[in-house]
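Peer 1: Sequence first, predicted coordinates after that:
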Amino acid sequence: MADVLRKVRQTIDRYELLAPGETVVVGVSGGPDSLCLLHVLRRLSEYDLKLHVAHLNHMIRGEEADADAAFVAELAKEWGLPATIEAYDVPRLAREKKLALEEAARQARYGFLAQVARRVGARRIAVGHNADDQTETIIMHWLRGAGLAGLRGMLPKADLAALRLEAAPG
């Protein structure tokens with residue numbers, strides 16, 4: 001764990017991702033990537049971060065998704081972290097906007113995270129991704145016809161103001 005924390009600190013400092021005392025909304029799905037992220041951010045005591053857990057139930061996986069939401073809510077409570085847990089009918093959004101389900105889910109999720117950030121006064125949102133997510137992003141850019149300059153994965157840091165809010169719940 002010490003090696004992971006060291007690498008995370010280096011990345012935070014290299015890309016100026018966080019400043020001491022900041023409020024950070026942490027997108028937590030209940031999966032291993034986001035749970036690891038939340039655990040690591042809690043361990044970075046030198047940053048004195050004010051973490052706010054945010055979970056959006058996409059209403060795609062029925063009882064399994066409800067269980068994820070309950071798990072995230074309980075974990076946040078156990079760890080003494082404030083949490084916003086909401087649900088949004090992503091299949092309906094996909095039908096209405098004629099979007100692929102994954103794209104509708106992404107739009108709803110990032111819109112939700114941006115709304116939570118505004119509500120709690122956070123300037124930062126943290127989400128966990130792995131190498132497979134990066135590969136998928138590059139392939140999606142390629143399939144959409146991106147040129148060489150557009151064939152890249154997710155950046156370590158994106159402008160919060162750039163998040164699209166049209167699909168946000170609420």
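Peer 2: Noted; the coordinates are in hand.
Peer 1: what about Glu86, which SS state?
Peer 2: strand (DSSP: H, G, I helix; E, B strand; the rest coil).
Peer 1: immediately after whichever strand or helix holds Val25, which helix or strand?
Peer 2: Assigned by DSSP states H and E, Val25 belongs to strand 23-27. Beyond strand 23-27 on the C-terminal side, the first helix or strand identified by DSSP H and E is helix 32-43.
Peer 1: List the buried residues for that following helix?
Peer 2: Asp33, Ser34, Leu35, Leu37, Leu38, Val40, Leu41 (16 or more other C-beta atoms under 10 Å). No exception for glycine: its C-beta is placed from N, CA and C like everyone else's.
Peer 1: Repeat that for stretch 18-33.
Peer 2: Leu18, Glu22, Val24, Val25, Val26, Gly27, Val28, Ser29, Gly30, Asp33.
Peer 1: returning to that earlier point: going by distance to Leu51, which of the buried residues of helix 32-43 wins?
Peer 2: Nearest to Leu51, judged by C-beta to C-beta, of the buried residues of helix 32-43 is Leu41 at 5.8 Å.
Peer 1: how near is the closest one to Ala108?
Peer 2: With distances taken as C-beta to C-beta, to the nearest Å, Leu41 is found 23 Å from Ala108.
Peer 1: And for Thr23?
Peer 2: Taking C-beta to C-beta, one finds Thr23 at 22 Å from Ala108.
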